[in-house]
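Asks: generate a structure from the sequence data that follows.
(chains A and B, ligands or ions: 3)
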Amino acid sequence: MKSLEELAAIKARMQDKVIMREGSGQIRVVVGMATCGIAAGARPVLDRFVEDVEKEGLADRVAVKQTGCIGICQYEPVVEVHEGGKDKVTYVKMTAEKVDEIVEKHIKGGQPVLEYTITHVGD
Amino acid sequence: MVHYNASLEDTEFYKLQRRVVLRNCGVIDPESIDEYIAVDGYAALGKALTSMTPAQVVDEIKASGLRGRGGGGFPTGMKWSFTAAQNNPVKYVVCNADEGDPGAFMDRSVLEGDPHCIIEGMALCGYATGAHEGYVYVRAEYPIAVKRLGKAIEDARAYGLLGKDIFGSGFDFDLYLRLGAGAFVCGEETALMTSIEGNRGEPRPRPPYPAVSGLFKKPTTENNVETFANVAQIILNGADWFASVGTERSKGTKVFALGGKINNTGLVEVPMGTTLRQIVEVVGGGIPNGKHFKAAQTGGPSGGCIPASMIDIEIDYDNLVAQGAMMGSGGMIIMDEDTCMVDIAKFFLQFTVDESCGKCTACRIGTKRLYELLEKITDGKGTLEDLDTMETLCRYIKDNSLCGLGQTAPNPVLSTYSRFPEEYKAHVVDKKCPAGVCKSLLTYVIDPEKCKGCTACARVCPVGAISGTVKEPHVIDAAKCIKCGSCMERCKFGAISKK
Ligand SMILES: Cc1cc2nc3c(=O)[nH]c(=O)nc-3n(C[C@H](O)[C@H](O)[C@H](O)COP(=O)(O)O)c2cc1C
Ligand code: SF4
Ligand code: SF4
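Replies: Numbering: from 1, shown residues only, chains lettered A, B, ... in the order given. Ligands and ions are numbered 1, 2, ... in the order given. The predicted structure is shown next:
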């Protein structure tokens, strides 16, 4: 990196991929893949998202990413869905089966599966 | 904007939190340097290298009021200025990622979730202090952290964010990883550097301080992971921004690993000055099973406890020290009325007995003898005189140990004894454990009035200590009973209790 301009160029190129813009139609699914998440079973959840997105041909508008710990250990595995112009949705205690339902109803159908979210699931 | 009220930010757990250190954890892909750059990553390094002098960087950190997050709370800017003042062409930056406190995982989460912010913080430190090489000492028990940090270093090198002439400024800086084998004492700064040098990780006397003669006898700045994680944000947003959060003498936020008898266990980041009550009742969601808050242990095996009577204490470095506890690295263990304070002290002491490196007699043998005293007390064989001996021994260990491990090892004992003297006395004088934890002081009894003679307890008892015929009250043979508690758990009529 020889200049600030180079850094700015990467930032400009990447920003829309991390922070969803309203109306872009892009969705970012992040799976908590810190030690706590992996220990609780995040890997099969991440794998299933990748498979489902592939299978349903959603790859051009849905990005599936891993991320670190968001801090709610007893709710792992945790998955967050970001979409421009809409509140983030935090899914907790995830399983591969729940992934299928979320991809169908939320990612494709636009309706979050509220019963799997942090404000609805007890511990 | 479409609202769902279904995200982490909508929970009580999150409400009082403020994320500076953890801002990217759970947001970006830690294995993507591009994503880090997308959220302003390396912008602080760029800013410093192209528009600030090293002295200005030190001054900015000083003005922010940032204090070391590794335990002691030493002012970071001042520490940097000591190294910067050394006239030596070779200096080092060391990041302490040994995180040995039982139950603490703040640093691990940062390394796993946002490794580039550590690299950026260390590079800024290197620039500010005139160092061109840095080491991250991370425990080998953190394989994911090691892998992600390793990848982050490679990616940063590939982008020229580590290496020669960064941002065309002429500043060179590179980083290396060193793995620790899991000895707690290797988290102590001088032992850590001895270990990086390839020797057995034992502390060495200070002075000379690391700023003068540290790693490989060169001037060295050593900081904790969380300390470094704050640095780039301070340079980017300014010292005033950082200092606007917190208390008079403790600025910014603190990450705690909240655990124990609490509804929401997890990683929380709150402004300095948040009260213990807010952490327990709001962030932590209270104590499970309708039990009551008894005390919080901060600072792990070096720390102390804050009793329920002090629940409105504003958490910062100085308030905790004034209460005989300490911030420590951020482990916070919540205890309810079922926790025996003598037992807790014994638990932490067992840890220090195991982890003492053995260099000092007071620490090596003293902690062992202290442990034996506590064992005597929890076994119901203690005397009032033992309590006095215990206190004297605590002072002796503190005064005669070389490093912080020995100097602070008696803290959990001293703190629980000063806060809960009646509990110690109950063990010694009445031969009772009020919390019902210490097995030697408990007896399990069956209430003949309540016992229906269902035989469930007799069947579950692993040692055949319970006798009685069907539909007749059963009895426990105290001589045979090993106090496992199975019978009490099994009885449907609440006929069995421990006294
Ligand atoms: C026995 C012992 C263990 C320690 N373990 C750690 C540790 O795991 N991580 C850490 O950052 N500091 C640890 N410290 C404190 C370090 O010696 C040092 O003070 C600290 O890393 C300085 O960084 P800071 O100024 O950023 O807080 C330990 C100290 C002692 C005495
Ligand atoms: S105080 Fe204990 S841990 Fe520290 S150097 Fe002495 S023996 Fe080792
Ligand atoms: S506490 Fe355990 S050993 Fe004692 S009587 Fe009950 S089941 Fe048997």
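Asks: residue contacts, A:Lys17?
Replies: Contacts of A:Lys17 were listed using CB atoms under 8 Å, 6 or more residues apart in numbering or on different chains, and they are A:Arg28, A:Ala63, B:Glu35, B:Ala38. The way it works is simple: take the backbone N, C-alpha and C, and place the C-beta from them, glycine included.
Asks: just curious, which of those residues is nearest to B:Glu281?
Replies: The shortest approach to B:Glu281 among those belongs to A:Arg28, at 33.9 Å (CB to CB).
Asks: name the nearest residue to that closest one, sequence neighbours excluded.
Replies: Leaving aside its sequence neighbours, A:Arg28 sits nearest to A:His82 (CB to CB, 6 or more residues apart in numbering or on different chains; 4.3 Å).
Asks: quick revisit: which member of the contacts of A:Lys17 is positioned nearest B:Cys360?
Replies: B:Glu35 (47.1 Å).
Asks: I'd say that closest one and B:Ile28 touch.
Replies: Yes: in this structure, B:Glu35 is within contact of B:Ile28 by CB atoms under 8 Å, at 4.1 Å.
Asks: mutual contacts of those two, please.
Replies: A:Val18.
Asks: these two: which has the busier surroundings?
Replies: B:Ile28 (28 against 21; other CB atoms under 10 Å in any protein chain shown).
Asks: state the distance from the more buried one to B:Gly113.
Replies: Applying CB to CB, to the nearest Å, the value for B:Ile28 to B:Gly113 is 8 Å.
Asks: who touches both of those two?
Replies: Taking CB under 8 Å, 6+ apart as the criterion, B:Ile28 and B:Gly113 both touch A:Thr67.
Asks: mind listing what the residue nearest the centre of chain B touches?
Replies: Most central in chain B under CA atoms, centre = their mean is B:Gly331, positioned 3.2 Å from the mean C-alpha point. B:Gly331 makes contact with B:Asp101, B:Pro102, B:Gly103, B:Ala104, B:Phe256, B:Ala257, B:Gly259, B:Gln297, B:Thr298, B:Gly299, B:Gly300, B:Gly303, according to CB under 8 Å, 6+ apart.
Asks: what about burial for the residues you listed, which qualify?
Replies: Members of these that pass the buried threshold by neighbour count (16 or more other CB atoms under 10 Å in any protein chain shown) are listed as B:Asp101, B:Ala104, B:Phe256, B:Ala257, B:Gly259, B:Gln297, B:Thr298, B:Gly299, B:Gly300, B:Gly303.
Asks: so where's chain A uncertain?
Replies: Counting by pLDDT under 70, the ranges of chain A that qualify are A:123.
Asks: helix, strand or coil: sort out the closest residue to B:Gly366 other than its chain neighbours for me.
Replies: Sequence neighbours aside, B:Ile397 is the residue nearest to B:Gly366 in space, at 4.0 Å (criterion: CB to CB, 6+ apart). Three-state call for B:Ile397 (DSSP: H, G, I helix; E, B strand; the rest coil): helix.
Asks: now tabulate the contacts of A:Lys17 in JSON lines and tack on distance to ligand 2.
Replies: Conversion of those to JSON lines gives the following (distance: CB to the nearest ligand atom, whole Å):
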{"residue": "A:Arg28", "distance to ligand 2": "47"}
{"residue": "A:Ala63", "distance to ligand 2": "49"}
{"residue": "B:Glu35", "distance to ligand 2": "41"}
{"residue": "B:Ala38", "distance to ligand 2": "44"}
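Asks: turn these into CSV, columns for distance to A:Val89.
Replies: Below are the contacts of A:Lys17 laid out as CSV (distance: CB to CB, whole Å):
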residue, distance to A:Val89
A:Arg28, 11
A:Ala63, 15
B:Glu35, 20
B:Ala38, 21
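Asks: which ones are touching the residue of the stretch 1-150 of chain B found nearest ligand 1?
Replies: Residue nearest to ligand 1 within the stretch 1-150 of chain B (CB to the nearest ligand atom): B:Gly68, separated by 2.2 Å. Contact criterion CB under 8 Å, 6+ apart gives B:Phe74, B:Pro75, B:Thr76, B:Lys79, B:Asn223, B:Asn224, B:Thr227 as the residues in contact with B:Gly68.
Asks: of the residues you listed, which is the nearest to B:Lys431?
Replies: Closest approach to B:Lys431 among these (CB to CB): B:Asn224, at 43.8 Å.
Asks: next, count neighbours for the residue nearest to the closest one when sequence neighbours are not counted.
Replies: In space, not counting the residues next to it along the chain, B:Asn224 is nearest to B:Gly70; the distance is 3.1 Å by CB to CB, 6+ apart. Neighbouring residues of B:Gly70 were enumerated by other CB under 10 Å; the total is 26.
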